[in-house]
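predicted coordinates and the sequence they were generated for:
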Amino acid sequence: MISRKLKIAMVCYPNMTLLDLLGPETVFSRFADIHLVWKTLESLSTDTNVSINPNCTFADCPDDLDIVFVPGGPGSIAIMSDAEVLSFIREKSRDSRFVTSVCTGSLILAAAGLLKGARATTHWSVRDELAMMGAIVVNERVVVDGNRITGGGITSGIDFGLEVVALVIGEDAAKATTLFLEYDPKPPFASGTPELAGEKVVRMLSPEISQVKKGIAEAIAKVNRLGLGRVDC
């Protein structure tokens, strides 16, 4: 546990999932100086009509970080083979206390070679792909393995953030944050996992998921071909 403000670098990129970033950021903001980092300070589109403005470039990001965080989203497919981004994440992860992700951000960590042999989770639709990239995939909402902390799909970012706060600052701080956010979810439909949703509902997403899987397969092949971070399929 620490009493000072945390230093957190949250990697941003075009077409990321906004909630992947904002869920954890909302939790962390009570305890941290947050660097929203990208190659430039230009505004970035997300998967919604809301844009994100980075406040720190890769070049200006501090070294003494407590947490490196990577969100997921449609844009993660391109980032998986972006040598500059992967190099930045590897470099900052070397000395960071924790290396973390939510949703398909775990695929970016894996592409950087940071999840080999580590227990990790991701969005339910790409668990097989994460396993092919060397991670030990666990079907849980948040997974902690040493200093690697990964969250599942999209909305798990809040759970992830609270788990990190409990681990780094303390359980009381996490409980108080949970209360402040009035985080007591009661979803109107019990279909938040494939097991709960059932085959019919899962099939409704099949075309979209198939496209995602195709893009990720191509990204893995590119990572291997360019030698960006060896991924054994």
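Received it, and whenever you're ready, just let me know what you need.

could I get the full set of helices for this protein?
Using DSSP state H, the helices found in the chain span residues 18-28, 76-79, 83-95, 105-111, 127-132, 156-168, 171-180, 194-197, 199-204, 206-226.

which of these sits most buried?
Among these, helix 105-111 has the highest mean neighbour count (mean count of other CB atoms under 10 Å), at a mean of 30. (C-beta placed from N, C-alpha, C; glycine too.)

quick one: contacts of that helix?
Residues from elsewhere that reach helix 105-111 (CB atoms under 8 Å, 6 or more residues apart in numbering): 11, 20, 69-72, 76, 79-81, 85-86, 89, 99, 101, 115-116, 120-122, 126, 129-130, 133-135, 148, 150, 216, 219-220, 223, 228-229, 231.

ok, back up a step: nearest to residue 141 among the helices of the chain would be which one?
Across the helices of the chain, residue 141 has its closest neighbour in helix 156-168 (4.8 Å, CB to CB).

CA-only coordinates of that closest one in CSV, if you can.
What follows is helix 156-168, C-alpha atoms only, in CSV (Å, rounded to 0.1, in the frame of the first residue of the first chain):
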residue,chain,number,x,y,z
SER,A,156,-15.3,-5.2,-16.4
GLY,A,157,-13.1,-2.1,-16.4
ILE,A,158,-14.8,-0.8,-13.3
ASP,A,159,-14.3,-4.1,-11.4
PHE,A,160,-10.7,-4.1,-12.7
GLY,A,161,-10.1,-0.6,-11.4
LEU,A,162,-11.5,-1.4,-8.0
GLU,A,163,-9.3,-4.6,-7.7
VAL,A,164,-6.2,-2.5,-8.6
VAL,A,165,-7.1,0.1,-6.0
ALA,A,166,-7.6,-2.6,-3.3
LEU,A,167,-4.3,-4.2,-4.2
VAL,A,168,-2.2,-1.0,-4.4
